[in-house]
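1. Sharing a model that was predicted from the sequence below.
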Amino acid sequence: MKSILFIFVLLISFLASCRSLSYKCISEDGCPNNKGKYISRDGHKDIYEGQLAVPPGFNFEIDRLLPHGFGKMTYGPQSPGTYRIREEGEVYEGFWDWNQFKFPRFYGKGTYTWKNGTITEAEWYDDSALAGSLGKRKFPDGTVITGIWDKKSYLCSGDCTNGTGIKTADMGEWYSKGKFVEGNLSEGLKYTPYFVEEGKFSQNQLSSGTITCTSNKDTCVRYIKFYSFNTNKFSSNQIKIIYKD
């Protein structure tokens with residue numbers, strides 16, 4: 001009896017979580033044919049404008065309409081007690097499709113815009129840039145990088161293996177520019193919207209040079225720790241940090 005009750009509780013929890021993935025229509029026209037403006041039912045309160053559909057092969061008699069086809073998603077704030085990589089104000093506009101688990105993901109041509117203004121234009125496959133396809137990234141400092149996405153979702157202009165080039169990825173707001181050795185930046189600069197590292201690098205990490213903050217001190221320090229796996233080196237006299245304020 002206890003095992004049956006346990007399974008029943010698990011089923012109810014599963015159905016509730018599935019419902020939390022659905023969206024509520026907020027269009028004045030009532031979203032005919034499941035197309036219109038919606039708000040997510042979870043705590044994030046994402047705003048979606050476009051087409052919704054029910055994933056194939058899934059029917060528990062609940063309203064599980066999810067993004068499919070062309071649409072625009074504006075991500076809302078973090079929900080208390082949860083974490084996700086999307087930040088409030090970020091926007092994806094493009095095509096959606098189901099992955100192998102019948103969840104909506106970026107598939108096809110689309111544009112992702114970060115809250116700081118970084119823009120990624122790509123042919124997407126399961127939320128990642130499709131290897132072998134043409135891509136472009138635009139940064140708030142005016143830098144534009146175009147090229148072909150590799151299998152690890154990196155984009156390079158020039159020679160980013162053993163030469164001079166500029167390199168970025170489909171996600172994140174950074175690029176590395178300068179001299180590369182065996183695929184790693186050895187000398188040059190690494191840009192983020194919050195700070196710029198410039199000098200000599202070891203395994204893509206700054207070993208000597210300067211870090212110039214372009215955001216306030218607290219924000220800069222927080223993102224230095226976020227982008228750098230080893231923060232002990234910043235106490236070294238080989239690296240100078242220049243704060244904005």
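-> Sure thing, it's come through. Numbers count the residues shown, from 1 in each chain.

2. Look up phi and psi at Gly193.
-> Rather than Gly, residue 193 is Pro. Dihedral pair for Pro193: phi -70, psi -10, per degrees, to the nearest 10.

3. Tell me how far it lies from Lys167.
-> Distance of Pro193 to Lys167, computed by C-beta to C-beta, to the nearest Å: 17 Å. Where C-beta positions appear, they are placed from N, C-alpha and C, glycine not excepted.

4. Who has more neighbours out of these two?
-> Comparing Pro193 with Lys167 by other C-beta atoms under 10 Å, the one with more neighbours is Lys167, at 27 against 19.

5. quick one: contacts of the strand or helix carrying the more buried one?
-> Using DSSP states H and E, Lys167 falls within strand 163-169. Defining contact as C-beta atoms under 8 Å, 6 or more residues apart in numbering, one finds that strand 163-169 is touched by 137, 143, 145, 152-160, 174-180, 185.

6. Mind checking which of those residues land in strands?
-> Of the contacts of strand 163-169, the ones assigned to strands by DSSP state E are 137, 145, 154-158, 175-180, 185.

7. right, and the helix or strand after the lowest-mean-pLDDT helix or strand in the chain?
-> The weakest-scoring helix or strand in the chain, judged by mean pLDDT, DSSP states H and E, is helix 2-20 (a mean of 43). Once helix 2-20 ends, the next helix or strand along the chain (criterion: DSSP H and E) is strand 23-25.

8. Report all helices and strands that that next one contacts.
-> strand 35-40 (3 or more C-beta pairs under 8 Å, 6 or more residues apart in numbering; DSSP states H and E).

9. Please list the residues outside whichever helix or strand comes after the strand it packs on that contact it.
-> The first helix or strand that comes after strand 35-40 along the chain, using DSSP H and E, is strand 47-53. Residues outside strand 47-53 that contact it (C-beta under 8 Å, 6+ apart): 23, 31, 34-40, 65-74, 76, 96.

10. Can you check the pLDDT for the most centrally placed residue in the chain?
-> Centroid check for the chain by C-alpha atoms, centre = their mean gives Met171 as the closest residue, at 4.6 Å. pLDDT, Met171: 89.

11. That one and Cys31, how far apart?
-> The value you get for Met171 to Cys31, if C-beta to C-beta is used, is 30 Å.

12. got it, and Asp126?
-> Taking C-beta to C-beta as the measure, Asp126 falls 27 Å from Cys31.

13. mind giving me the domain ranges of the protein?
-> Domain assignment for the chain by automatic domain parsing gives 22-113, 151-245.

14. Format the ones you listed as a markdown table; extra columns: distance to Ala131.
-> Putting the domains of the chain into a markdown table (distance: least, C-beta to C-beta, whole Å) gives the following:
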| stretch | distance to Ala131 |
| --- | --- |
| domain 22-113 | 14 |
| domain 151-245 | 5 |
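
15. closest one to Glu121 among these?
-> Checking those against Glu121 by C-beta to C-beta gives domain 22-113 as the closest, at 5.2 Å.

16. How far does that closest one stretch from one end to the other?
-> Start-to-end span of domain 22-113 (C-alpha to C-alpha, to the nearest Å) is 23 Å.

17. which of the residues in stretch 45-57 are buried?
-> Under the neighbour-count criterion of 16 or more other C-beta atoms under 10 Å, stretch 45-57 has Asp46, Ile47, Tyr48, Glu49, Gly50, Gln51, Leu52, Ala53, Val54, Pro55 buried.

18. What is the nearest of these to Gln203?
-> Nearest to Gln203 among the buried residues of stretch 45-57, with distances taken as C-beta to C-beta, is Asp46, at 36.6 Å.

19. If anything else comes up later, I'll come back, but that's it for now.
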